[in-house]
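In: Quick one, structure for this:
(chains A and B)
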Amino acid sequence: DAGVIQSPRHEVTEMGQEVTLRCKPISGHNSLFWYRQTMMRGLELLIYFNNNVPIDDSGMPEDRFSAKMPNASFSTLKIQPSEPRDSAVYFCASSGGSETQYFGPGTRLLVL
Amino acid sequence: AQSVTQPDIHITVSEGASLELRCNYSYGATPYLFWYVQSPGQGLQLLLKYFSGDTLVQGIKGFEAEFKRSQSSFNLRKPSVHWSDAAEYFCAVGAAAGTASKLTFGTGTRLQVTL
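Out: Predicted structure coming up:
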């Protein structure tokens, strides 16, 4: 199994630009999670989906952030417009119902 | 609300020495507990997990952890540390919610191994 796949691995953009992060969960997993990791706040859950439906988005920082899961094999996290304080590592994780989450390698985002 | 405390931000041990990383949790029911490891620039890799049953769980890379309900702890141990174990270690608690489990992570403990 290829594991959770995230793209891009690195993203550098300028303030105000739109950023789209992508995630492909492990095949057969029905839950998908987006996390953000920063030095100041550690690992934070942003949103999670169950069977492609958003269950809890209470961790999404503000309206500039949105996430979609159009099908079982793909999810996006979009930031529009981006700001320097959004600079972080964004992780996607998936779970197959065993309560264990498997993490992708992350996308390192830098907003200038 | 669930929470996790990792009281040690940074720990240094000599190669070959034993290791114990502390984790305390707060959760109203029986928790699901996890330890993950993160090497620099990498994602999180699951070391071990506790759901129920035997309170001493074995994981990968020679790690083990013991669930102690009376102390609300889930400390990670390894009898002999290798230089390749240098990484950041995260304890997490999960709350069952249907088929998905929200994880709350501790702030992590950075392990340095001296030769």
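In: And the pLDDT for the residue nearest the centre of chain A?
Out: Most central in chain A under C-alpha atoms, centre = their mean is A:W34, positioned 3.5 Å from the mean C-alpha point. pLDDT for A:W34: 97.
In: tell me which element it falls in.
Out: Assigned by DSSP states H and E, A:W34 falls within strand A:31-38.
In: Around the residue nearest to A:F74 when sequence neighbours are not counted, count how many other residues there are.
Out: Spatial nearest neighbour of A:F74, chain neighbours left out: A:K24 (6.0 Å); criterion: C-beta to C-beta, 6 or more residues apart in numbering or on different chains. Using the backbone N, CA and C atoms, a C-beta is placed for each residue, glycine as well. Residues lying near A:K24 (other C-beta atoms under 10 Å in any protein chain shown) number 18.
In: hang on, A:K24 packs against A:S73?
Out: Yes - A:K24 lies in contact with A:S73 (C-beta atoms under 8 Å); the separation is 5.9 Å.
In: Show me the strands in the chain, by range?
Out: I'll assume chain A. Along chain A, counting by DSSP state E, strands occupy A:5-7, A:10-13, A:19-24, A:31-38, A:42-50, A:53-56, A:65-71, A:74-79, A:88-95, A:101-103, A:107-111.
In: try chain B instead
Out: Taking DSSP E as the test, the strands found in chain B are B:3-5, B:10-14, B:19-21, B:24-26, B:32-38, B:44-50, B:56-58, B:64-68, B:73-78, B:87-97, B:100-105, B:109-114.
In: ok, of these, where does mean pLDDT dip lowest?
Out: Mean pLDDT values for these show the minimum at strand B:100-105, a mean of 77.
In: ok, what's across the strand from the residue nearest to the centre of chain A?
Out: A:I47, A:C92 (DSSP bridges).
In: if we can go back for a sec, export the strands of chain A as CSV, with columns for distance to B:V13.
Out: Below are the strands of chain A laid out as CSV (distance: least, C-beta to C-beta, whole Å):
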stretch, distance to B:V13
strand A:5-7, 32
strand A:10-13, 32
strand A:19-24, 35
strand A:31-38, 25
strand A:42-50, 23
strand A:53-56, 38
strand A:65-71, 39
strand A:74-79, 37
strand A:88-95, 26
strand A:101-103, 25
strand A:107-111, 29
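In: just checking, B:E20 touches B:S73?
Out: No - the pair B:E20 / B:S73 is not scored as a contact, 10.6 Å apart, by C-beta under 8 Å.
In: Mind checking which of the two has more residues around it?
Out: Neighbour totals were compared for B:E20 and B:S73, and B:S73 leads with 17 against 13 (other C-beta under 10 Å).
In: check contacts around that one.
Out: When contacts are counted by C-beta atoms under 8 Å, 6 or more residues apart in numbering or on different chains, B:S73 touches B:R22, B:C23, B:N24, B:Y25, B:E66, B:F67.
In: number of nearby residues for the nearest residue to B:K68 once chain neighbours are set aside?
Out: In space, not counting the residues next to it along the chain, B:K68 is nearest to B:T55; the distance is 7.0 Å by C-beta to C-beta, 6+ apart. B:T55 has 12 neighbours, counted by other C-beta under 10 Å.
In: before we move on, back to that, now the residue nearest to A:F74: how far from chain B?
Out: Shown here: A:K24 relative to chain B, a distance of 14 Å by C-beta to the nearest C-beta, to the nearest Å.
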